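*Asks:* Coordinates for the following, if possible.
(one chain, ligands or ions: 1)
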Amino acid sequence: MSYQYISVDSIERVGRITINRPQALNALSVPLMDEVGEAINAFEADEGIGAIIITGTEKAFAAGADIKDMAGLDGESALAQDFPYNASGWHALNRCRKPVIAAVSGFALGGGCELAMACDFIIAADNARFGQPEVKLGIIPGAGGTQRLIRAVGKAKAMELCLTGRMMEADEAERAGLVAYVTPADELQTRALATAQTIAAQSSTGTAMIKDCINQAMEIPLSSGLVYERRVLQALFGSDDQREGMTAFVEKRKPAFKRK
Ligand code: HXC
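*Replies:* Numbers count the residues shown, from 1 in each chain. The predicted structure follows:
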């Protein structure tokens, strides 16, 4: 598959999508987000892949949806297309059962911050800058900025960030709980790859179910979430991966999980 706005590679069970439209600071046009969708779906279908990284260039993960494309949009056509969900990337990301890591260097603004937050977790380079500057353009976030940001950083900071449109640096984003960890910019790809490879080496049923349970926790009450988690755990007893994982522990060897 050849792409115009992204590049794709895979390294030891990790599939990596690199957004590559540097002349527009990786602005997320619809064709670009369609390519992201195709790439996610291809990695999802590939049993040789256990985790996915979405990353950008050094200066920008993505500086938002493409403002030049949006400038002439009217409400009726935005509604008719269901903008920005007229691009398959958003749907593919929401549906993907494999863990997806955002490795963010430089700007992650507007739709770029939303794309990072739609991933399962964010690893940030120390030059990363996050923000929801839509208010400055006379619009509001539209791919989760007002919904996922509050769940990550709480109401006060989500309100302040969205209402002012200011940028938040990587260390503040880490303190606020938006990112899992911060790394020097020149180590971002190596560190993200190492984390992704650790995940990709686990039981793929286990990683898919953990992702599912943690995502459920964002949606349902604690009492229901605890039941959900317990039922998933119970269902995993007797699975190939549970048998192999525990047998390997008892036999003091590394588990060899089946890849299916
Ligand atoms: C289209 C963009 C862009 C964007 C940057 N560019 N961001 N093009 N859409 N979101 C283009 C610029 O027009 C310019 O191209 C080139 O990238 C370099 O940008 P500069 O502004 O010259 O770079 P710099 O001075 O370093 O400033 C960087 C920046 C600034 C602070 C990130 O570019 C900026 O404020 N960008 C917009 C950020 C933003 O508002 N994002 C939210 C968009 S709304 P040319 O050819 O002109 O030189 C949104 C809604 C989400 O995301 C809805 C759901 C998805």
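*Asks:* Pull the number of nearby residues for residue 178.
*Replies:* 27 (other CB atoms under 10 Å). (Each C-beta comes from the backbone N, C-alpha and C, glycine too.)
*Asks:* all helices for the stretch 51-200 of the chain, in order.
*Replies:* Counting by DSSP state H, counting those that start in this stretch, the stretch 51-200 of the chain has helices at residues 67-70, 75-81, 88-95, 111-118, 148-153, 155-164, 170-176, 188-200.
*Asks:* For those helices, could you give me TSV that also reports mean pLDDT, distance to residue 226 and mean neighbour count?
*Replies:* Compiled in TSV, those are given as follows (pLDDT from 0 to 100; distance: least, CB to CB, whole Å; neighbours: other CB atoms under 10 Å):
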stretch	mean pLDDT	distance to residue 226	mean neighbour count
helix 67-70	96	42	14
helix 75-81	95	39	11
helix 88-95	97	24	18
helix 111-118	98	25	28
helix 148-153	97	19	19
helix 155-164	98	25	16
helix 170-176	98	27	19
helix 188-200	98	24	19
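*Asks:* Of these, which is nearest residue 26?
*Replies:* Across these, residue 26 has its closest neighbour in helix 111-118 (6.9 Å, CB to CB).
*Asks:* Can you tell me which residues in this protein are near the ligand?
*Replies:* Listed as neighbours of the ligand in the chain under the rule CB under 6 Å from any ligand atom: 24-25, 27, 63-68, 84, 107, 109-111, 114, 133-134, 137, 141-143.
*Asks:* Drop anything exposed from those.
*Replies:* For the residues of the chain next to the ligand, a burial check counting by 16 or more other CB atoms under 10 Å picks out 24-25, 27, 63-66, 84, 107, 109-111, 114, 133-134, 141-143.
*Asks:* Now, those residues that are in strands?
*Replies:* 107, 109 (DSSP state E).
*Asks:* Quick test: name the residue nearest the centre of the chain.
*Replies:* residue 119 (1.4 Å; CA atoms, centre = their mean).
*Asks:* Relative to residue 21, how far out is residue 6?
*Replies:* Distance, residue 6 to residue 21, by CB to CB, to the nearest Å: 8 Å.
*Asks:* buried sites along stretch 207-218?
*Replies:* If you call a residue buried by 16+ other CB under 10 Å, then stretch 207-218 has these buried ones: 207, 209, 210, 211, 213, 217.
*Asks:* Make sure the second one is indeed in a helix.
*Replies:* Yes: residue state for residue 209 (DSSP: H, G, I helix; E, B strand; the rest coil) corresponds to a helix.
*Asks:* Could you shift the numbering so residue one becomes 282, and keep it that way?
*Replies:* Will do, 282 is the new start, and the previous item becomes residue 490.
*Asks:* wait, it sits on residue 517?
*Replies:* Yes: using CB atoms under 8 Å, residue 490 makes contact with residue 517 at a distance of 6.8 Å.
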